[in-house]
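Q: can you look at this prediction? I've put the sequence above it.
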2 protein chains.
Amino acid sequence: MNLKELSLKLGLSQTTVSRALNGYPEVSETTRARVLEAARRHNYRPNTRAKGLATGQSMAIGHVIPMSGNAEMVNPIFGDFIAGAGETYARHGYEMLLSVVPDGLDEAAVYRTLRSRGTVDGVVVHGPRRNDPRLSLLEDLGLPFVVHGRATGYGRPYSWLDVNNRRAFQAATTYLLDFGHRRIGLINGREHMDFAHRRRCGYEEALAARGLAPDVALMAADEMTEPYGFAAAGAMLGMPDPPTAFVVSSMICALGVRRAIEGRGLAMGLDVSVVIHDDALSYLRNDGAGPVFTAMQSSVREAGRRLAQILIDRIADPDAPHVTELLEARLAVGRSTGPAP
Amino acid sequence: MNLKELSLKLGLSQTTVSRALNGYPEVSETTRARVLEAARRHNYRPNTRAKGLATGQSMAIGHVIPMSGNAEMVNPIFGDFIAGAGETYARHGYEMLLSVVPDGLDEAAVYRTLRSRGTVDGVVVHGPRRNDPRLSLLEDLGLPFVVHGRATGYGRPYSWLDVNNRRAFQAATTYLLDFGHRRIGLINGREHMDFAHRRRCGYEEALAARGLAPDVALMAADEMTEPYGFAAAGAMLGMPDPPTAFVVSSMICALGVRRAIEGRGLAMGLDVSVVIHDDALSYLRNDGAGPVFTAMQSSVREAGRRLAQILIDRIADPDAPHVTELLEARLAVGRSTGPAP
DNA sequence: GAATCGTCCCAAAGCGCTTTGGACACGCGG
DNA sequence: CCGCGTGTCCAAAGCGCTTTGGGACGATTC
């Protein structure tokens, strides 16, 4: 059932039917009601491509995921973010397009193609690094974009949404310092990622505020996996002057850290304290009857929802000033922290 | 730059340019070379929507993700599967469309809309349950589909790709039985999911083959999270006649199971053995210098790659016989298993 | 009563591509 | 010389929608 058939059946022109369906005022309310009823009855839905061709919009938003080597992007955080963004898209009639860049292919080429074929109306930039080259590429292409996180070093203004990673890690570290901890290990993500860099800054600032110098032996940075958390924490706990607390960049890592602690016969929250950054992933819940881990919480799904909204607004009005939002993580006290022994 | 402009610039008709670009034979090789060169130089790419409108194809494939309540679908397995499928799509010029169904909305309506708007050429069905109603809906809609897993109870033939879950869990259980274990706990996923049901069958068959009756107290089924693994294993280990081994449905669960074991001062692989089902997720590696967990391995990313191919073939030739593929999981011996104490 | 103004509707021209149905020139055999 | 393929190209008709630029008709105004 297409517009022509529907209008024929109604004895109206395509113009009128189209206008009735799209809520234009040049059509009487009685006619509109007739049209809507007929559309419903015949299960009519305008063809996406035809509508897009006519309007010049694709009503789709792209997410480009590089598979390069370590597949950084396909992580649990990504899944939850996508879910949040998808909710917003669905609510606004947008489609979500995922573009995987197979290993070895050029990510920039994907953005160019997306643009020149008119496949999407805008894109979300994931996992920004410092001085990320994607931003200027997208700016040059004239493809609307928003960034999940920030890209230190990019000159021009752009829209982004980020967690205040610096403050979150400063707060987490200070929380431990207030408990009397002086040797605090940092289990961080890869520091070429903008967020990880900021986290370390926050950690160091908190130490500095108490006149403590950071100890490189207490700072680890790698891809955030359970074995990494285990290995890094284990190594630190094996030192002559081991840490009495950890600040950990993710829930998954923290599972490894906890294993390292308990594996040494120590009790988490008693002998060794742990504060994590918790993205509130749907299948890695940290609540139930009181959170297990003391955490700086910030829902990445909510971030997805909100960032999608920002992009949709930007597409609707590309000349509006850029929107930047800094979310503050909430401290949730759990059973993984206590006074320094 | 569109086709009209390009053909004007070349002094050729749109017809000829289009044919040259699409490899039709009615165009001389010298002209074709000229056209290709000009297209490259002007960075011409045919507009997706216009092409789709003319051909009737969308060159897009849909993945529908229900958010209903527990958000079962947005799990780590899904992310890796998507990544694999995305690789295949990219290689064949297809786009991947993710449709999130916000809580409370009707999943069936999404499929209907996808169909009537012509948004996608086919869909992948995720997480089939027993007697899954989606299959007959898609069949009725005439929307090509393939299933990741199987849906016991659906009458008509359909294309699917699945891991041999029954045999994998039978093998895992038998492996433990051969070590002399007699009390073996099953930490399973929700059993309305087809795969979880099959896993239990495999587990029970292995026991039966040795004349052992399954003990309901040793069988848990829930959403596969770390806390669930911890709680379920902990409860079983606290019984008067505790299990000496576990078969666990996922890596994430297994982290909890290990914690429960080690938390009781027991050694995994020595006092208590564990065999897991490992989907070989990119960020939950179980290899490195020899796998930690003894596992039945089957790469879900590879499954995504392959299933996407099956769907693409199906779209190209809808009348071809249905393709069904049963992947066998490989046993990878790790350090989590040993003789019964 | 004529001029003006809304209201409600329509025909037709795009949007950028593919594809049908020729047109034209050329070479060939009869 | 005619007829007939054959190779190469083109004009134009879609694909299913939106949107422009009116048109008809009754109600209002002077």
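A: Sure, I can see it.
Q: where are the low-confidence patches of the stretch 151-300 of chain A?
A: Along the stretch 151-300 of chain A, the model assigns pLDDT under 70 to residues A:287-290.
Q: now the strands for it?
A: Along the stretch 151-300 of chain A, counting by DSSP state E, counting those that start in this stretch, strands occupy A:159-163, A:184-188, A:219-221, A:245-248, A:273-278, A:294-297.
Q: which bits of the stretch 201-341 of chain A sit near chain B?
A: A:223-227, A:252, A:255, A:258-259, A:262-263, A:282-285, A:288, A:292 (C-beta under 8 Å from any C-beta of the partner chain). C-beta here means a position set from N, CA and C on the backbone, and glycine is covered the same way.
Q: any quick ChimeraX command for the buried ones out of those residues?
A: If you want just the buried ones from those in ChimeraX, going by 16 or more other C-beta atoms under 10 Å in any protein chain shown, the selection is:
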select /A:223,224,225,226,227,252,255,258,259,262,282,283,284,285,292
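Q: ok, back up a step: how about the strands of the stretch 151-300 of chain A, which one is nearest DNA strand C?
A: Checking these against DNA strand C by C-beta to the nearest atom of the strand gives strand A:159-163 as the closest, at 26.5 Å.
Q: so which bits of the closest one are buried?
A: A:159-163.
Q: what's in contact with that strand?
A: Contacts to strand A:159-163, defined as C-beta atoms under 8 Å, 6 or more residues apart in numbering or on different chains, come from residues A:145-150, A:195, A:298, A:303, A:306-307, A:310-311, A:314, A:322-329.
Q: of those residues, which belong to strands?
A: A:145-148, A:324-327 (DSSP state E).
Q: still on that earlier bit, just the buried subset of the contacts of strand A:159-163, please.
A: Using 16+ other C-beta under 10 Å, the buried ones in those are A:145-150, A:195, A:298, A:303, A:306-307, A:310-311, A:314, A:323, A:327, A:329.
Q: quick check: beta-bridge partners of the closest residue to residue A:325 other than its chain neighbours?
A: Nearest residue to residue A:325, sequence neighbours excluded (C-beta to C-beta, 6 or more residues apart in numbering or on different chains): residue A:161, at 4.5 Å. In this entry, residue A:161 is beta-bridged to residue A:148, residue A:325, by DSSP bridges.
Q: and the pLDDT at the spatially most central residue of chain A?
A: Nearest residue to the geometric centre of chain A (C-alpha atoms, centre = their mean): residue A:81, 4.7 Å. Per-residue confidence (pLDDT) for residue A:81: 94.
Q: same question for residue A:4.
A: 94.
Q: excluding chain neighbours, what is closest to it?
A: Nearest non-adjacent residue to residue A:4, counting by C-beta to C-beta, 6+ apart: residue A:14, 6.2 Å away.
Q: which SS class is residue A:25?
A: coil (DSSP: H, G, I helix; E, B strand; the rest coil).
Q: how near is the nearest residue to residue A:185 once chain neighbours are set aside to residue A:261?
A: Excluding the flanking residues, the one nearest residue A:185 by C-beta to C-beta, 6+ apart is residue A:243, at 4.0 Å. Distance of residue A:243 to residue A:261, given as C-beta to C-beta, to the nearest Å: 10 Å.
Q: now do the shared contacts for these two.
A: With C-beta under 8 Å, 6+ apart, residue A:243 and residue A:261 have common neighbours A:237, A:272.
Q: neighbours around the residue nearest to residue A:185, how many?
A: As a burial measure, residue A:243 scores 22 neighbours (other C-beta atoms under 10 Å in any protein chain shown).
Q: hang on, the earlier thing: so what's the residue nearest to residue A:4 up against?
A: With C-beta under 8 Å, 6+ apart, residue A:14 has these contacts: A:3-4, A:7.
Q: let me have the residues you listed in a markdown table, extended by secondary structure.
A: Shown next, in a markdown table, are those (three-state DSSP):
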| residue | secondary structure |
| --- | --- |
| A:3 | helix |
| A:4 | helix |
| A:7 | helix |
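Q: and of the residues you listed, the nearest to DNA strand C?
A: residue A:7 (7.3 Å).
Q: mind listing what that closest one touches?
A: A:13-14, A:16-17.
Q: so how far is stretch A:267-281 off the chain centroid?
A: Distance of stretch A:267-281 from its chain centroid, counting by C-alpha atoms, centre = their mean, to the nearest Å, is 22 Å.
Q: roughly how far apart are the residue in the stretch 51-200 of chain A that DNA strand D sits nearest to and residue B:37?
A: In the stretch 51-200 of chain A, the residue that lies nearest DNA strand D is residue A:54 (3.3 Å; C-beta to the nearest atom of the strand). Going from residue A:54 to residue B:37 by C-beta to C-beta gives 32 Å.
Q: ranking the strands of the stretch 151-300 of chain A by burial, who's on top?
A: Among these, ranked by average contacts under mean count of other C-beta atoms under 10 Å in any protein chain shown, first place goes to strand A:245-248 (a mean of 30).
Q: helices and strands around that one, which ones?
A: Taking 3 or more C-beta pairs under 8 Å, 6 or more residues apart in numbering or on different chains; DSSP states H and E as contact, the helices and strands that strand A:245-248 lies on are helix A:165-178, strand A:184-188, helix A:226-237, helix A:251-263, strand A:273-278.
Q: and it, C-alpha only, in PDB?
A: Once non-C-alpha atoms are left out, strand A:245-248 reads as follows in PDB (Å, rounded to 0.1, in the frame of the first residue of the first chain):
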ATOM      1  CA  ALA A 245      43.400   1.100  48.800                       C
ATOM      2  CA  PHE A 246      42.600   1.200  45.100                       C
ATOM      3  CA  VAL A 247      40.800   3.400  42.700                       C
ATOM      4  CA  VAL A 248      39.600   1.400  39.800                       C
END
